[in-house]
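1. Requesting a structural model of the entry that follows:
(chains A and B)
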Amino acid sequence: NAGVTQTPKFRILKIGQSMTLQCTQDMNHNYMYWYRQDPGMGLKLIYYSVGAGITDKGEVPNGYNVSRSTTEDFPLRLELAAPSQTSVYFCASSYSAGGYEKLFFGSGTQLSVL
Amino acid sequence: KQEVTQIPAALSVPEGENLVLNCSFTDSAIYNLQWFRQDPGKGLTSLLLIQSSQREQTSGRLNASLDKSSGRSTLYIAASQPGDSATYLCAVPGYGGATNKLIFGTGTLLAVQP
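-> From the prediction side, this is the model:
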């Protein structure tokens, strides 16, 4: 049972480069999220989606873009990488927003921008 | 704005001890609270989810309590084992009360010494 799968696990970018972090889930969850985790800090919500075709900003969306064309996939796009985007990125999913659901996380992507 | 604090930031105990991890939140109007475990280089795993109407939840050697009025939750781990070593994070709904867009604490790094 795969759950939430993120690729790649590690990546080094040069300033100004672009890349897409991939996230897919096989649990038929409606809700998907992207968080970033900086050393010594809690996770911060970047973007989220409540279903295919619907996305919205979280707490720290600047410098990122997302799309949700299918229920399974929720890629995160970095257009012009900056050193401030060096972080560990986690994708997560949940079934509904009823207050009873648990979040399921991927194993993360460690990104360094040099 | 909801803020979540976890004290202590790190804790080291000998194997077999019972221990308590603390989580405080500033806005008591929450629907639920989740405790997560994070192993090094891995994603987060949801351990317990307490609804606002509940006072505690138990899973094996773990017991989580919730006191909304005081803005506090505790995670009690009985008879700790080296395999319990990990970072433990708590999270509450934020961003307008949405139950699944979580605000995380910075975590408590637990080391259980054999």
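
2. how many neighbours does residue 79 have?
-> No chain was given, so I picked chain A. A:E79 sits with 12 neighbouring residues when counted by other C-beta atoms under 10 Å in any protein chain shown. (Glycine included, C-beta is placed from N, CA and C.)

3. try chain B instead
-> The number of residues packed near B:A79 is 11, by other C-beta under 10 Å.

4. Pop out the phi and psi values for B:G83.
-> When quoted as degrees, to the nearest 10, the phi and psi of B:G83 stand at phi -70, psi -10.

5. Wait, A:F74 touches A:Y89, no?
-> No - in terms of C-beta atoms under 8 Å, A:F74 does not count as a neighbour of A:Y89; the distance is 11.7 Å.

6. Looking at those two, which is more packed in?
-> Neighbours per residue, other C-beta under 10 Å: of A:F74 and A:Y89, the larger number sits with A:F74, 29 against 23.

7. For that one, give me its contacts.
-> Contacts for A:F74 (C-beta atoms under 8 Å, 6 or more residues apart in numbering or on different chains) come out as A:23-25, A:32, A:34, A:49, A:66-68, A:91, A:93.

8. export those residues to a markdown table and tack on distance to B:E3 and pLDDT?
-> Below are the contacts of A:F74 laid out as a markdown table (distance: C-beta to C-beta, whole Å; pLDDT from 0 to 100):
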| residue | distance to B:E3 | pLDDT |
| --- | --- | --- |
| A:C23 | 28 | 97 |
| A:T24 | 33 | 97 |
| A:Q25 | 29 | 97 |
| A:M32 | 25 | 92 |
| A:W34 | 21 | 96 |
| A:S49 | 25 | 92 |
| A:V66 | 26 | 97 |
| A:S67 | 31 | 95 |
| A:R68 | 29 | 96 |
| A:C91 | 24 | 96 |
| A:S93 | 25 | 92 |
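
9. sorry, back to before: which neighbours do A:F74 and A:Y89 share?
-> A:W34.

10. List the residues that contact the residue lying closest to A:D38 once chain neighbours are set aside.
-> Nearest residue to A:D38, sequence neighbours excluded (C-beta to C-beta, 6 or more residues apart in numbering or on different chains): A:S87, at 5.3 Å. A:S87 sits next to A:36-38, A:111 when contact means C-beta under 8 Å, 6+ apart.

11. Just want the most central residue of chain A.
-> Centroid check for chain A by C-alpha atoms, centre = their mean gives A:W34 as the closest residue, at 2.8 Å.

12. nearest residue to that residue other than its sequence neighbours?
-> Closest residue to A:W34 apart from its sequence neighbours, by C-beta to C-beta, 6+ apart: A:I46 at 4.3 Å.

13. Report how many residues lie close to that neighbour.
-> Neighbours of A:I46 using other C-beta under 10 Å come to 24.

14. what residue ranges in chain B are flagged as low confidence?
-> B:95-100 (pLDDT under 70).

15. interface residues of it facing chain A?
-> Selection of chain B residues close to chain A by C-beta under 8 Å from any C-beta of the partner chain yields B:4, B:31-32, B:34, B:41-46, B:49, B:51-52, B:89, B:91, B:93, B:95, B:98-107.

16. Inside strands: which ones of those residues?
-> The strands, defined by DSSP state E, take in B:4, B:32, B:34, B:44-46, B:49, B:51, B:89, B:91, B:93, B:98-104 from the residues of chain B next to chain A.

17. Of those, keep whichever come out buried.
-> Neighbour counting over those (16 or more other C-beta atoms under 10 Å in any protein chain shown) leaves B:4, B:32, B:34, B:44, B:46, B:49, B:89, B:91, B:93, B:98-104 as the buried ones.

18. who's in contact with B:T58?
-> By C-beta under 8 Å, 6+ apart, B:T58 lies in contact with B:48, B:64.
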